[in-house]
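>>> Next comes the sequence, and after it the predicted model I'd like to discuss.
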Amino acid sequence: MEFKVDLVQRENVDGSRRKWVIATSVAGGIAGVATLVPFVDSFAPSEKARAAGAPVAVDISTLGPGEMVTVAWRGMPVFVVNRTEVMLADVVKANSMVADPDTRHPFSMPLPKYCTNEYRSRANHQNLLVVVGVCTHLGCTPRPRFQEGPQANLPDNWPGGFLCPCHGSTYDLGGRVFKNKPAPQNLDVPRYMFGSTQSVLIGRDEQGEA
């Protein structure tokens, strides 16, 4: 199953039900409202595939620098971010600010060995961040807040990253949780591999399926 990579996550809360729909978006706080696209059944894996945890192929041929897309894998949102050089520098800047910079205490799945580096990504595609978009506190979906600097609900020295809207946990542009936040652990990195220069396969790597 392939997901077109011009789509990103947006959370939509309706009473006690939390839904996420797909929309276009650009990082860095650029102004503008994207057109929402309903998360229809045709975008999602079949129930049988979801139950089996089938890998999901994502077309990244149109994913520009600083952009993010969200796809569904095993019923969870997965963020794919094409980080710029500035964003990679912001990951390094955050090393002293995060609680577990080397991900020694993963959340629900082991960090793949090929992502045991400061960018938490494959060396040959260090710009591409792939993380499960589920807050490690109570399971809400963090929102991208890629723009650096002071802004609402964030510190003045904010280096860019993700903000969980439920209880204020924050993560850097490597998906690592900042110190003294409700969330205890970093965002999970699923196993993944690149089928080509234009696609990434989530849920499978050289060792097989996750």
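Okay, I see it.

>>> Which secondary structure element of this protein has the lowest mean pLDDT?
Scoring the helices and strands of the chain by mean pLDDT, DSSP states H and E places strand 36-37 at the bottom, with a mean of 31.

>>> Could you look up the SS state of the most centrally placed residue in the chain?
To find the centre residue of the chain, average its C-alpha atoms and take the closest one (C-alpha atoms, centre = their mean): that gives Phe79, at 2.7 Å. Secondary structure assignment for Phe79 (DSSP: H, G, I helix; E, B strand; the rest coil): strand.

>>> contacting residues for it?
If a contact means C-beta atoms under 8 Å, 6 or more residues apart in numbering, then Phe79 has 9, 68-70, 129-133, 144, 162, 175 as its contacts. Heads up, the C-betas are built off the backbone N, CA and C, glycines and all.

>>> which one is it nearest to, not counting chain neighbours?
Take Phe79 and drop its neighbours on the chain: the residue closest to it by C-beta to C-beta, 6 or more residues apart in numbering is Gly133, 4.7 Å away.

>>> number of nearby residues for that neighbour?
Gly133 is flanked by 26 other residues according to other C-beta atoms under 10 Å.

>>> right, and it touches Pro77 too?
Yes: under the criterion of C-beta atoms under 8 Å, Gly133 makes contact with Pro77 at 3.9 Å.

>>> Tell me which stretches of the chain form helices.
Assigned by DSSP state H, the chain shows helices spanning 47-52, 85-93.

>>> and those, which one is worst for confidence?
Mean pLDDT is lowest for helix 47-52 out of the helices of the chain, coming in at a mean of 51.

>>> tell me how far stretch 68-80 is from the chain's mean position?
7 Å (C-alpha atoms, centre = their mean, to the nearest Å).

>>> in the sheet, who's paired with Ala72?
Using DSSP bridges, the bridge partners assigned to Ala72 are Pro77.
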